[in-house]
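[1] build me a structure from this.
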Amino acid sequence: MFLKLKYLLFRSIVKYSKSSKVKIDGKLRATKVKILGENNSFEIEDRAFLKNSKISVKGNNNKILIKKGCDLKNVKIFMEENNSEIIVGENTTCAGAKILSQEGKKVVLGQSCILSYDIEIRNCDSHKIYSKETNERINPAKDIIIGDRVWIGMRAIILKGSEVGDDSIIAAGSIIVGKVDRNSIVAGVPGNEIKNDIYWER
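    Just a heads-up that it's a prediction; the model follows:
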C-alpha cells in the first residue's frame with residue numbers, strides 16, 4: 001500500500017511504502033519518485049533542488065541521500081535489489097545523468113562536483129556473467145567513489161569499481177574504469193591521464 005504526496009504547484013509526485021522513510025526539505029519540480037519495498041530511505045536536504053527527474057527504487061533497505069545545496073536536473077536514479085546506497089554531496093550540480101546502484105553496493109558523489117549532461121554512472125553490469133568452467137560469477141557489482149570538486153564532462157561513463165580523486169576532471173565522452181588520481185585530467189576510452197597537478201574553478 002502506498003502513501004501519495006502531490007506537489008501540485010511543482011508537478012511532482014512521490015509514492016512510497018509505509019515502512020520507508022521519506023524526508024524532503026529541499027524542492028522538487030516535475031519529478032517522479034516511486035519507492036517499492038520495505039525500509040528504504042529517501043532524503044533531500046535543505047536547499048537541494050531536483051528538477052525533471054525520476055527516482056525508482058525496488059527492493060529493501062536501500063538509501064538515497066541528496067545533501068544540502070545540490071542542484072540536479074534531468075537525473076534518473078534506479079536502484080534494485082537490497083542494501084544499496086546513493087549519496088550526492090553538498091552543492092553538487094548536474095545537467096543530466098543516469099545513476100544505477102544494485103547488489104548492495106554504493107555510489108558516492110563528493111561535494112561541489114559538476115556533472116554535465118548525458119552522463120552515466122553505474123556500479124553494476126545489470127546482467128550476471130558466469131565462468132563456463134567453474135559456474136562462478138565473474139562480474140559482481142563494485143562501489144563507485146567520486147571525490148570532492150570533480151568535473152565530469154558530457155557523455156562520460158563511470159563504471160563499477162571506479163575511484164575518482166578530488167579536484168579531477170573527466171573529459172567529455174570518456175569511459176572510466178578503475179582509479180583516477182586527484183588533481184588530474186583523464187580522457188579517452190578507456191580513460192587515461194593526460195595531465196596532472198591541475199585545479200579548476202566553476
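
[2] neighbours of residue 138, just the number please.
    Here the number of neighbours of residue 138 (other C-beta atoms under 10 Å) works out to 9. (C-beta placed from N, C-alpha, C; glycine too.)

[3] what's it sitting at in phi/psi?
    As for residue 138, its main-chain torsions (degrees, to the nearest 10) stand at phi -120, psi 0.

[4] which element is the residue nearest the centre of the chain on?
    The chain has residue 99 as the residue nearest its centroid, 4.0 Å off, counting by C-alpha atoms, centre = their mean. For residue 99, the element it lies in under DSSP states H and E is strand 97-102.

[5] and the next element down the chain from that strand?
    Read in the C-terminal direction, the helix or strand following strand 97-102 is strand 106-109, with elements assigned using DSSP H and E.

[6] for that following strand, what is the average pLDDT?
    Strand 106-109 shows a mean pLDDT of 98.

[7] against which helices or strands is that strand packed?
    strand 85-88, strand 97-102, strand 144-146 (3 or more C-beta pairs under 8 Å, 6 or more residues apart in numbering; DSSP states H and E).

[8] JSON lines please, covering the ones you listed and showing mean pLDDT and distance to residue 42.
    JSON lines is the format used below for the helices and strands packed on strand 106-109 (pLDDT from 0 to 100; distance: least, C-beta to C-beta, whole Å):
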{"stretch": "strand 85-88", "mean pLDDT": "98", "distance to residue 42": "10"}
{"stretch": "strand 97-102", "mean pLDDT": "97", "distance to residue 42": "13"}
{"stretch": "strand 144-146", "mean pLDDT": "98", "distance to residue 42": "19"}
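
[9] residue 37: which of those strands is closest?
    strand 97-102 (13.1 Å; C-beta to C-beta).

[10] pull up the pairing partners for that closest one, direction included.
    The strands beside strand 97-102 in its sheet (DSSP bridges) come out as strand 75-80 (parallel), strand 119-122 (parallel).

[11] outside of stretch 23-43, which residues touch it?
    The set of residues external to stretch 23-43 that reach it, using C-beta atoms under 8 Å, 6 or more residues apart in numbering, is 7, 10-17, 19-22, 44-66, 70, 82.

[12] just the buried residues out of these, in PyMOL syntax.
    Only the buried members of those enter the following PyMOL selection, criterion being 16 or more other C-beta atoms under 10 Å:
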select buried, resi 12+13+14+15+16+17+20+22+44+45+48+49+50+51+52+53+54+55+57+58+59+60+61+62+63+64+65+66+70+82
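
[13] let's see which of the contacts of stretch 23-43 end up in strands.
    Judged by DSSP state E, strands contain the following of the contacts of stretch 23-43: 7, 12-17, 21-22, 44, 49-51, 54-58, 63-66.
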